[in-house]
Every structure is written in C-alpha cells, then in structure tokens.
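# return atomic coordinates for the entry below.
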Amino acid sequence: MRKLIVGMIFITGLAFGQWGAISGSVTDGTTGDPLRYTLIIAENLTHPMHSMISYTRRNGQYTIRHLEPGAYFVKAIHPGFRSLYYNNDTSRSEADTVYVTAGATTSGIDFTLYPWNHYISGATVSGTVTDEATGTPLRHAFVFLRPVDSTRHHMFHRLFSFTDSTGAYQITGVPAGHYIAVSYKIGYEREYYDNASSRDSAEVLVINDSDTLNDINFTLRRITFATITGTVTDESTSMAIPRAKVMAVRLVHGRPIGWRRLARTDSTGFYHIRKLIPGNYIVKAWKFGYEREFYDNASVVDSATPVHVDWGDTIGGIDFTLTPWSQFPYDTASITGTVTDESTGDPISGAHVRAFFRRWPFSIVTTTDSNGSYTLHYLPSGDSVVVMARARGYLYEFYQETPYIWDATPVVPPASDIDFTLTPRGNYGSGGIMGEVSNGKSDGLTILATNLSTGESFVGAVDMNSYNIDDMPPGDYDVKVLDVNGNTLAEDTVTVGDTYVEKDFHVTEVGESSSLANPVNLHVKFANLNSVKLEFALPKSERVELKLYDVTGRVVSSRNLGLLGAGAHEFEVKGLRPGVYFVSVEAGKTISTGKFVILR
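Got it, this is the predicted structure:
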C-alpha cells in the first residue's frame with residue numbers, strides 16, 4: 001500500500017501574487033447536507049512535499065491557499081465515508097488532474113461522498129421521528145439498529161443514521177439478521193421500536209437480504225424534569241437566609257457522584273432546584289457563616305435522607321435550618337463604604353464588593369443596598385485585605401481607583417469610608433449570557449463566547465453547573481462548552497441584546513463525545529514573576545494559535561504559531577503583570593484551555 005506523506009514548506013522565491021488556490025465543496029450523497037470538517041488534500045505531482053491541506057467549514061466549503069503553480073491531485077477524506085479523488089475516483093491513478101495558476105483560484109472542485117454502507121448490499125430501513133405531543137418532525141434525532149442474538153455485521157456497516165429537517169431517516173446496507181431499533185435526542189426520552197421504553201419490551205425486526213422496511217417510526221416524548229423546593233432559615237433566629245446555596249446530587253450505586261443541580265435562596269429563603277432527572281438525590285444547603293446541613297437535619301452525607309423524584313415531579317418541603325458558626329477563625333471586624341456612578345454621582349444598587357484575603361484561599365463578598373452602601377463582615381482585624389467593586393454595565397475597580405490587583409491599596413479592618421466610583425463601560429453592552437450546564441460531571445468546564453462579527457471573545461467558568469458572562473456588546477455569538485482538554489462538548493449560536501439571555505446546555509460525559517478526537521494536551525509548565533511557559537502536545541500536524549485572556553475575558557496576547565508538527569511543544573510568554581489568566585490553544589478544530597496565576 002502506498003503511503004501518502006502530507007507536509008508543507010515555504011517557497012521563499014515566490015512573491016505573494018504568484019501563489020494559487022483551489023476551492024470547492026463537499027456534500028453527503030445520502031442526505032445532500034454539507035459535510036463539515038472533511039479533510040481536503042492537494043497533492044503536488046512534481047514536488048510531493050509541497051502538498052497542502054485544508055478542512056471544510058460548517059457550510060461544506062473549503063479553500064486551499066498558498067499553492068505553488070502546477071498540477072495537483074485533490075482528495076477528500078471524511079470519517080465513516082468512502083474517500084474520493086477528484087473527479088469521483090477512488091484510485092489515484094484514475095484521478096483527474098487539477099491545475100493551479102499563479103494569482104488565481106481554481107474553483108468548482110466539488111465532492112459528493114457516500115457512507116461506506118452505501119456501497120454494501122443489504123436491506124434498507126427507513127422512517128420518521130416526531131414529537132409525541134405536537135407531531136413536529138425532529139431534526140438530528142439519532143436512530144440505531146442494535147443486533148440481537150447471533151447477528152453479526154462488518155465494521156463498514158453503519159447501522160445508524162440521523163434525521164433530516166423533515167424528521168426522516170434511512171439506513172442502507174443492513175445485513176440479514178435480527179435487530180431492535182432505538183431512537184433518542186437531547187431533551188427527549190429514549191424510545192425503542194415499537195413505542196417501547198426498554199430493550200426487553202422492544203419489537204425484534206427480522207431483516208432479510210434486500211428487504212425494504214418502511215415506516216419504522218418513532219414518536220419521542222419531551223422530557224419533563226423534576227423540581228425540588230424548600231426554604232433555608234437561621235436556626236437561632238428562625239429568619240430567612242437569602243443567597244444560601246442548595247445542591248441536589250444524584251446517587252449512583254449508592255454514592256452521590258451523578259447528575260447535580262444548584263440553586264440559591266431568594267430574599268424569603270425560598271429555593272427551587274429545577275431540571276432533575278429521575279432518581280434518588282442527596283440535598284445539602286450551606287452559606288458562609290453557617291454549618292453545612294444535609295437533608296434531613298444531618299451533619300454528614302452518610303446520615304442524609306435521600307429525596308426521590310420521577311419525571312415531572314415537584315417535591316416541596318425539603319427545608320433546612322442552618323446553625324450559625326460557634327467559632328470563626330477571624331475576628332468579626334468589618335469594612336464599610338459606598339459604590340457610586342463616577343459620571344452622575346448616583347448610588348449603584350446591587351454592586352458586588354469582594355474582599356480578598358492575602359493569606360487564605362477564599363474571599364468574602366456582599367452587595368450594595370439601594371443607597372449604594374455595603375458592609376463586609378467576618379474580616380481579620382489588623383490583617384490587610386484587597387477590596388474590589390464591580391457592577392453590571394461598569395468597569396470593575398480595586399481600591400483605590402485601579403483596575404489591577406497588584407496596584408490596589410491594601411485595607412486593614414476595621415475600616416470605614418472605603419468608597420468606589422465606578423466608570424460606565426461605554427461601548428460595552430449591558431447584556432450577557434447565563435444558564436446551566438447539565439451533565440454528570442461539570443467540574444472544569446469553560447464557556448467560550450465569540451462575537452461572529454468582531455471576533456471578540458468572552459470567557460466564563462462553569463461553577464456548580466451554572467455560568468454567567470457579563471457586559472457583552474449586542475450581537476450574535478458562537479457559544480461553546482469546553483472541557484478541560486478543550487474539546488467542544490456543546491455549541492450553539494446565541495443573540496445578545498441589552499438584557500441577559502438564558503442558554504442552557506446538556507453535554508455528554510467527557511470522553512463520550514467522538515466529534516472531536518485527538519485533543520491537545522495542554523498544561524502550564526511554570527509561571528514566575530512576569531512570564532509563563534506552556535507545554536502542549538499535538539497528536540498530528542496542525543496550525544496553532546495561542547491566546548491569553550485576563551479575568552474579564554479581554555484578549556491580552558494573541559500569537560499565531562503557524563504549522564507545528566506532531567509531538568510536544570513549549571512556548572513562553574513574557575511581560576505579564578501579576579493576576580489571573582486563561583490560556584487557549586487552538587489547533588485545527590480543537591481548542592484546549594488552561595488557567596494560571598502570576599504572583600506579585
């Protein structure tokens with residue numbers, strides 16, 4: 001078998017106008033849909049090492065630039081599909097030659113690819129998937145044929161399909177045998193044919209060679225999540241505790257490691273935890289200054305009483321009475337002050353004021369009242385802290401009037417008149433995105449929102465299944481949920497206006513998604529006083545771009561590293577001021593993210 005070696009070198013003897021390009025499109029021959037992330041290879045017939053590659057975009061279009069003038073073979077490769085040379089040939093010896101001229105683009109080099117089972121004889125199974133309540137066709141629903149008994153199939157028999165915009169699907173090249181059919185879609189209950197809820201009750205399809213089975217239809221029921229509600233009060237005063245956190249964690253094999261949801265109490269101490277799937281849950285409540293409590297009045301998880309929910313349930317009366325701390329590691333010193341608008345002098349209600357401890361890994365936060373006044377309690381008497389104020393629609397500020405924590409003036413509690421005058425953000429919007437990310441293990445997930453017009457990026461972290469990104473200019477954004485390796489677990493387009501937009505995501509467990517294989521392994525090798533050294537490994541040659549963001553989501557450094565080969569790479573960024581930074585390494589279609597701190 002002849003091996004194809006794809007590489008790239010720069011021909012310094014050619015001026016910019018002497019390069020050429022090839023463009024075209026790739027479509028799925030079965031559905032007619034564009035094929036995204038198809039690898040396109042342009043093989044130079046004279047100088048094989050001058051070959052270039054590209055990938056199709058979301059619309060199936062591609063362009064290969066910086067090609068040396070001459071003759072090329074062009075090939076399209078997509079997982080699960082039969083690879084083709086242009087024009088519709090599987091063999092290099094039968095492929096049409098594509099010619100590239102200087103300063104011009106050779107267009108119309110299009111491909112129509114078919115799944116492997118299109119070329120394999122067998123039966124055909126087809127049908128539709130619709131919403132049970134409305135009858136609306138469901139697009140991108142997954143339909144799978146599961147072999148039963150001794151039925152065997154070849155690896156190239158693709159026994160699954162996705163529905164198109166009309167809710168229709170078709171699976172071709174099915175070998176003779178016994179199968180059960182199943183369909184599911186995010187937000188809907190799984191259904192087995194014919195209208196069965198489990199594999200044991202599913203109808204077995206007996207399929208012979210060349211059979212055509214139509215109307216293997218599914219009507220999926222939309223999931224109605226369960227809800228848990230209750231109150232959180234102070235045991236000593238019976239007063240409501242606002243802003244307390246309440247979490248429900250699903251038991252898996254008797255351990256609280258499954259699906260989890262978080263809520264906060266309102267001003268009356270009431271909470272509701274939404275979007276729970278069926279199961280038994282451990283529910284706990286806590287707030288700074290109080291002992292943690294598990295339901296029902298337990299201090300440890302082993303003594304907790306599980307709460308059972310089913311689809312559509314609303315379980316009320318899951319109440320907590322939290323005990324105030326009897327001892328606290330700090331004196332009860334406080335800091336008071338006001339937060340006002342710099343341009344008008346008006347008080348800012350609802351601003352967040354936070355005190356950072358220099359010697360301890362946590363902070364204390366409060367909000368301003370209608371007069372713009374605040375009080376920070378439980379502070380170490382005589383030990384300095386750093387105080388910051390922020391409000392929606394304003395630039396954040398450290399005391400006194402600096403955006404940088406390293407330039408902040410330390411405050412020694414007890415202290416008063418620690419005032420802030422915040423500057424309106426001007427061109428920045430007052431809108432944003434907030435929501436929840438539901439999955440069994442959400443720790444370490446990051447939200448990356450990129451403005452489709454300006455390319456400006458905003459970053460938010462998923463904390464206890466919730467996230468929010470503030471002060472975003474109006475516009476359309478590509479919003480991604482990234483895991484710790486930078487794999488895209490979920491993605492959608494969100495339009496932001498002058499208010500917050502709620503956008504929830506449901507993602508699979510890390511490692512279950514196969515849409516982005518070969519993640520970039522990124523970690524911070526070291527971070528010293530003003531620089532950071534990053535190390536990452538590429539599974540294959542990719543064009544790499546590195547970006548650094550500060551805590552506000554502003555891009556502080558962007559480097560295009562060009563085409564890097566497979567293996568480990570190191571890169572050092574210097575001249576950084578103390579603070580918290582996020583880093584993203586984009587290699588082809590994969591993005592890996594990390595976080596580091598430059599200390600003062």
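
# report the contact partners of Ala248.
Ile228, Arg260, Arg261, Ile273, Leu276, Tyr281, Ile282, Val283, Val307 (C-beta atoms under 8 Å, 6 or more residues apart in numbering). Backbone N, C-alpha and C define where each C-beta goes, glycine included.

# gap between the closest residue to it other than its chain neighbours and Val246?
Residue nearest to Ala248 in three dimensions, not counting chain neighbours: Tyr281, with 4.3 Å by C-beta to C-beta, 6 or more residues apart in numbering. In this view, Tyr281 and Val246 are 11 Å apart by C-beta to C-beta, to the nearest Å.

# repeat that for Glu342.
Counting by C-beta to C-beta - Glu342 and Val246 are separated by 37 Å.

# more neighbours: those two, which one.
Taking neighbours as other C-beta atoms under 10 Å, Glu342 and Val246 compare with Val246 leading, 26 against 15.

# after the lowest-mean-pLDDT helix or strand in the chain, next one along is what?
Counting by mean pLDDT, DSSP states H and E, the weakest-scoring helix or strand in the chain turns out to be strand 521-527, with a mean of 55. Going down the chain from strand 521-527, the next helix or strand is strand 531-538, by DSSP states H and E.

# could you check that next one and say which residues are buried?
Val532, Leu534, Phe536, Leu538 (16 or more other C-beta atoms under 10 Å).

# what mean pLDDT would you report for stretch 166-181?
Here stretch 166-181 scores 88 as its mean pLDDT.

# that one: how far from the chain's middle?
How far stretch 166-181 lies from its chain's middle: 32 Å, per C-alpha atoms, centre = their mean, to the nearest Å.

# buried residues, it. List them.
The neighbour-count check on stretch 166-181 (16+ other C-beta under 10 Å) flags Gly167, Ala168, Tyr169, Ile171, Thr172, Gly173, Val174, Pro175, Gly177, Tyr179, Ile180, Ala181 as buried.

# output that stretch as PDB, restricted to C-alpha atoms.
The C-alpha trace of stretch 166-181 is given here as PDB (Å, rounded to 0.1, in the frame of the first residue of the first chain):
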ATOM      1  CA  THR A 166     -38.300  16.600   7.700                       C
ATOM      2  CA  GLY A 167     -37.700  14.100  10.500                       C
ATOM      3  CA  ALA A 168     -36.900  11.300   8.000                       C
ATOM      4  CA  TYR A 169     -34.000   8.900   8.200                       C
ATOM      5  CA  GLN A 170     -32.700   6.000   6.100                       C
ATOM      6  CA  ILE A 171     -30.200   3.200   7.000                       C
ATOM      7  CA  THR A 172     -28.900   1.300   4.000                       C
ATOM      8  CA  GLY A 173     -26.800  -1.800   3.600                       C
ATOM      9  CA  VAL A 174     -28.200  -3.600   6.600                       C
ATOM     10  CA  PRO A 175     -27.000  -7.300   6.700                       C
ATOM     11  CA  ALA A 176     -29.700 -10.000   7.200                       C
ATOM     12  CA  GLY A 177     -30.400 -10.700  10.900                       C
ATOM     13  CA  HIS A 178     -32.400  -9.800  14.000                       C
ATOM     14  CA  TYR A 179     -32.400  -6.200  15.300                       C
ATOM     15  CA  ILE A 180     -34.100  -3.900  17.700                       C
ATOM     16  CA  ALA A 181     -34.400  -0.200  16.700                       C
END
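
# could you look up the SS state of His118?
Here His118 is recorded as helix under DSSP: H, G, I helix; E, B strand; the rest coil.

# which residue is the nearest non-sequential neighbour of it?
Using C-beta to C-beta, 6+ apart, the closest residue to His118 is Thr172 (6.1 Å).

# any idea how far Tyr114 is from that neighbour?
Taken as C-beta to C-beta, the span from Thr172 to Tyr114 is 9 Å.
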